[in-house]
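J.: Provided below are the primary sequence and the corresponding predicted coordinates.
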Amino acid sequence: MGRKKKRENKKQKNPLQLKEAVHSRIGIIGWNSPRFLESHSQFMEALKTNIASCDLAPVFFGISGSLDQLDLTVSNGQKKSSHASLPLFYHLPSRDMAADQIEMIACEERLAGLVMIPWSINSLVGMLMATVRSGLPAVFMPSYSSWNRLYNGSSAAENAENKEASFLGLPYSSCSMLLLLEVFGLAKMGSLEKIIKQEALALSEDLNESAKWCGQRIFEMVKQKVSVRRFFSEASIHNAIAVDMSLGGSSETVLHLAALAQEAGVPLPLATFSQFSKVPQLIGMDRSGNLSLAEFEKCGGLAPLLSALYSFLKPSPTVMGKNIVDIAKASHEMRSSFKVNNPVKKYGGLKILYGSLAKEGALFRVSALKENWLSYSGKVKVFNSQAACIEAVLNKKIKKGEILAVRYAGPRGTPGMPALEGLKAALSTMDLEEDVAILTDGRMPNSGKTPVISHICPEAAVGGAFSILEDGDTIIWNFLEGTLTARLTETEIKVRLSRWKAQTSEPKNSLLHRYLKHVSSTVQGAKLI
């Protein structure tokens with residue numbers, strides 16, 4: 001009898017069984033890669049401990065994915081040319097794959113809430129898409145300090161000395177969604193700036209503090225049944241666009257916000273971005289024509305920027321329990337280098353162009369360009385692949401002032417729509433960055449000082465007018481008027497289109513094949529449908 005009672009007591013005292021049976025399960029979502037687990041081990045343990053202390057049951061789920069900067073790492077001071085690298089084809093598809101995996105996990109495991117630890121920009125956006133689908137309470141906890149070790153193996157101390165070698169040195173244009181995560185209100189305001197400022201010795205204290213805040217906040221959100229969907233409104237998306245414009249704009253922001261708006265059921269016509277070009281650019285670019293996160297922090301960070309943009313913001317909630325307009329108002333007295341009445345440029349850094357070449361729109365980022373490129377007319381050289389264009393550049397077949405058209409680089413033309421980083425590197429090598437322009441239906445987020453009109457839609461692979469351009473055609477664009485045309489009559493365009501034949505080659509790999517068959521246009525965020 002005594003032995004039986006002892007066995008019953010043992011069962012009752014098993015904390016794991018108690019947690020599983022009684023407490024709400026919180027899914028901690030991260031990467032299933034060993035390097036992620038190693039670089040985030042300290043942060044993960046702190047998170048689990050603090051979430052458990054709030055009477056919740058934390059469970060880690062590792063999902064598959066890729067690392068955005070895998071083939072853009074710095075090696076012996078030289079950036080690798082990545083135009084022929086297969087992993088790049090998987091970066092954008094990994095965004096949708098992450099969303100699908102998390103959706104299944106949340107449903108199968110009957111989770112009460114989610115804590116997201118993104119390891120890349122595409123994983124971050126995929127997580128955002130998944131939270132909108134699930135409607136569960138969610139908090140995002142990017143362990144920025146761990147990203148440095150994840151991306152290049154550097155320690156916190158090394159990155160403090162050399163921010164350009166860390167992820168903090170990445171251009172804003174390629175990692176804009178990190179900052180906009182806070183604008184959406186899904187991460188603790190100021191967490192990016194705080195981590196940047198931390199000294200290596202104080203890092204563990206900050207991790208514990210962040211983990212403690214996360215545990216308490218996810219507990220409150222689960223208790224109050226706060227759905228993440230309330231953070232994705234027309235107002236919050238407009239706030240994100242306003243902030244993006246003030247920082248010079250990013251074509252990646254347009255692509256990812258379009259996908260998120262589709263998930264949330266929020267109307268976001270491409271023309272909306274042009275409407276926000278009235279938001280002035282409040283910060284200058286560096287010598288390469290880009291803005292790094294470290295440089296942004298030096299200028300004051302997000303809070304004073306929101307204060308400067310106060311008149312452009314609309315009320316939207318944050319996970320801190322405060323409205324973003326109230327946060328901006330509270331920061332109004334802070335000293336800031338962001339001045340709306342004395343901007344770097346009177347217009348935002350990005351605009352949508354329309355015309356005979358882009359019936360559905362194209363993106364033109366101008367934040368670091370010389371004024372002469374805002375309105376331009378010139379002859380075009382046409383290439384059906386990035387590789388062919390790179391070859392022409394390196395073989396000195398390109399003259400200053402020419403326009404290079406790189407087509408079949410969109411989501412249907414090149415499955416996965418890899419960024420044209422190889423072409424950017426080739427132009428830099430030949431000292432042509434500021435002297436030629438690029439038209440493409442693909443992506444080139446880190447355009448810097450090179451005039452790039454990207455995401456041309458409809459893309460060449462589906463028979464858009466971009467597909468019938470020929471060498472020597474005259475291209476005309478005007479940033480202020482928002483136009484992009486070819487000097488061709490409607491009849492000439494129709495005749496050429498009647499002769500056009502599709503030139504896409506379907507990939508043998510099954511994932512990329514499915515992506516090609518079911519991906520939407522860039523106007524809709526290049527997401528699977």
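T.: Thanks, I have the structure now.
J.: Surely Arg25 touches Ala112?
T.: Yes - under the criterion of CB atoms under 8 Å, Arg25 makes contact with Ala112 at 6.0 Å. (Glycine included, C-beta is placed from N, CA and C.)
J.: what do the two both touch?
T.: Common contacts of Arg25 and Ala112 (CB atoms under 8 Å, 6 or more residues apart in numbering): Leu56.
J.: all helices of the stretch 51-200 of the chain, in order?
T.: 91-108, 121-134, 144-152, 156-161, 176-183, 191-197 (DSSP state H, counting those that start in this stretch).
J.: weakest of these by average pLDDT?
T.: Least confident of these, judged by mean pLDDT, is helix 156-161 with a mean of 46.
J.: How far does stretch 491-511 sit from its chain's centre?
T.: A distance of 29 Å separates the centroid of the chain from that of stretch 491-511, by CA atoms, centre = their mean, to the nearest Å.
J.: which outside residues touch it?
T.: By CB under 8 Å, 6+ apart, stretch 491-511 touches 89-90, 93, 356, 384, 408, 412-413, 415, 460-461, 463, 465, 467-468, 470, 486, 488, 513, 516.
J.: residues contacting the residue nearest to the spatial centre of the chain?
T.: The C-alpha lying nearest the average C-alpha coordinate of the chain belongs to Met177 (CA atoms, centre = their mean; 4.2 Å). Taking CB under 8 Å, 6+ apart as the criterion, Met177 is in contact with 121, 124-125, 128, 252-253, 256.
J.: So which of these is the closest to Gly300?
T.: Thr253 (20.4 Å; CB to CB).
J.: host element of the closest one?
T.: Secondary structure from DSSP states H and E places Thr253 in helix 251-264.
J.: Please check the contacts of stretch 491-511 and keep the buried ones.
T.: Using 16 or more other CB atoms under 10 Å as the burial test, the contacts of stretch 491-511 include 89-90, 93, 356, 384, 408, 412-413, 415, 460-461, 465, 467-468, 486, 488, 516 as buried.
J.: which ones among those residues are found in strands?
T.: Per DSSP state E, strands hold the following members of these: Ala486.
J.: Cross the buried ones among the contacts of stretch 491-511 against helices and list the overlap.
T.: 93, 516 (DSSP state H).
J.: Show me the strands in the protein, by range?
T.: 24-31, 56-63, 74-75, 78-79, 113-116, 138-140, 350-355, 358-365, 375-383, 403-406, 437-440, 452-457, 474-478, 483-486.
J.: Lowest average pLDDT across the ones you listed?
T.: Among those, strand 74-75 scores lowest, at a mean of 30.
J.: how near is the closest residue to Asn50 other than its chain neighbours to Ala437?
T.: Leaving aside its chain neighbours, Asn50 sits nearest to Gly215 (3.5 Å; criterion: CB to CB, 6 or more residues apart in numbering). Per CB to CB, to the nearest Å, Gly215 is found 51 Å from Ala437.
J.: For the residue nearest to Asn50, give me its contacts.
T.: Going by CB under 8 Å, 6+ apart, Gly215 touches 47, 50-54, 56.
J.: where does the chain have its least confident helix or strand?
T.: strand 74-75 (a mean of 30; mean pLDDT, DSSP states H and E).
J.: Check the spacing between Pro171 and Glu481 real quick.
T.: For Pro171, the distance to Glu481 - CB to CB - is 28 Å.
J.: How is the chain partitioned into domains?
T.: 14-230, 350-524 (automatic domain parsing).
J.: Asn290 is nearest to which of those?
T.: Closest to Asn290 of the domains of the chain is domain 14-230 (CB to CB; 3.5 Å).
J.: Settle this for me: Glu421 is touching Arg443, isn't it.
T.: No - the pair Glu421 / Arg443 is not scored as a contact, 9.3 Å apart, by CB under 8 Å.
J.: circling back to that earlier point, now distance to Asp326 too, for the strands of the chain, in a markdown table please.
T.: Conversion of the strands of the chain to a markdown table gives the following (distance: least, CB to CB, whole Å):
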| stretch | distance to Asp326 |
| --- | --- |
| strand 24-31 | 28 |
| strand 56-63 | 28 |
| strand 74-75 | 41 |
| strand 78-79 | 43 |
| strand 113-116 | 25 |
| strand 138-140 | 20 |
| strand 350-355 | 28 |
| strand 358-365 | 32 |
| strand 375-383 | 41 |
| strand 403-406 | 46 |
| strand 437-440 | 42 |
| strand 452-457 | 35 |
| strand 474-478 | 40 |
| strand 483-486 | 40 |
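J.: What count of nearby residues applies to Ala271?
T.: Using other CB atoms under 10 Å, the number of residues around Ala271 comes to 11.
J.: how near is it to Ile241?
T.: 12 Å.
J.: what do you get for Glu421?
T.: Applying CB to CB to Glu421 and Ile241 gives a distance of 25 Å.
J.: Tell me which residues of the longest helix along the chain come out buried.
T.: For the chain, the helix that runs over the most residues, judged by DSSP H, is helix 203-224. Buried residues in helix 203-224, counting neighbours by 16+ other CB under 10 Å, are found at 203, 206-208, 210-215, 217-219, 221-222.
J.: same check, this time on stretch 117-137
T.: By 16+ other CB under 10 Å, the buried positions in stretch 117-137 come out as 117-134, 136-137.
J.: Over to stretch 309-317?
T.: By 16+ other CB under 10 Å, the buried positions in stretch 309-317 come out as 309, 312-313, 316-317.
J.: and what of stretch 241-257?
T.: So stretch 241-257, judged by 16+ other CB under 10 Å, has buried residues 241-257.
J.: Can you give me the end-to-end span of it?
T.: 9 Å (CA to CA, to the nearest Å).
J.: mean confidence score for it?
T.: In this model, stretch 241-257 has an average pLDDT of 93.
J.: Centre of the chain to that stretch, how far?
T.: Per CA atoms, centre = their mean, the centroid offset for stretch 241-257 relative to its chain is 9 Å.
J.: Next up, the contacts around the spatially closest residue to Lys212 that is not a sequence neighbour.
T.: Using CB to CB, 6+ apart and skipping the chain neighbours, the partner closest in space to Lys212 is Asn50 (4.8 Å). Neighbouring residues of Asn50 by CB under 8 Å, 6+ apart: 208, 211-212, 214-216.
J.: Just the closest of those residues to Thr474, please.
T.: Among the contacts of Asn50, Cys214 lies closest to Thr474 (CB to CB), at 56.1 Å.
J.: I'd guessed the closest one sits against Ile51; true?
T.: Yes - with contact defined as CB under 8 Å, Cys214 reaches Ile51; the gap is 7.1 Å.
J.: can you list residues touching both of the two?
T.: Val115.
J.: for the stretch 301-450 of the chain, what spans make up the helices?
T.: So, for the stretch 301-450 of the chain - with DSSP H, counting those that start in this stretch - the helices run 302-308, 324-330, 386-394, 421-429.
J.: Using PDB, write down the CA coordinates of the second one.
T.: Read it as helix 324-330. Extracted C-alpha coordinates of helix 324-330, given in PDB (Å, rounded to 0.1, in the frame of the first residue of the first chain):
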ATOM      1  CA  ILE A 324       2.900  53.700 -32.200                       C
ATOM      2  CA  VAL A 325       1.700  57.300 -32.500                       C
ATOM      3  CA  ASP A 326       1.900  57.700 -28.700                       C
ATOM      4  CA  ILE A 327       5.500  56.300 -28.800                       C
ATOM      5  CA  ALA A 328       6.300  58.800 -31.500                       C
ATOM      6  CA  LYS A 329       4.700  61.600 -29.400                       C
ATOM      7  CA  ALA A 330       6.700  60.600 -26.300                       C
END
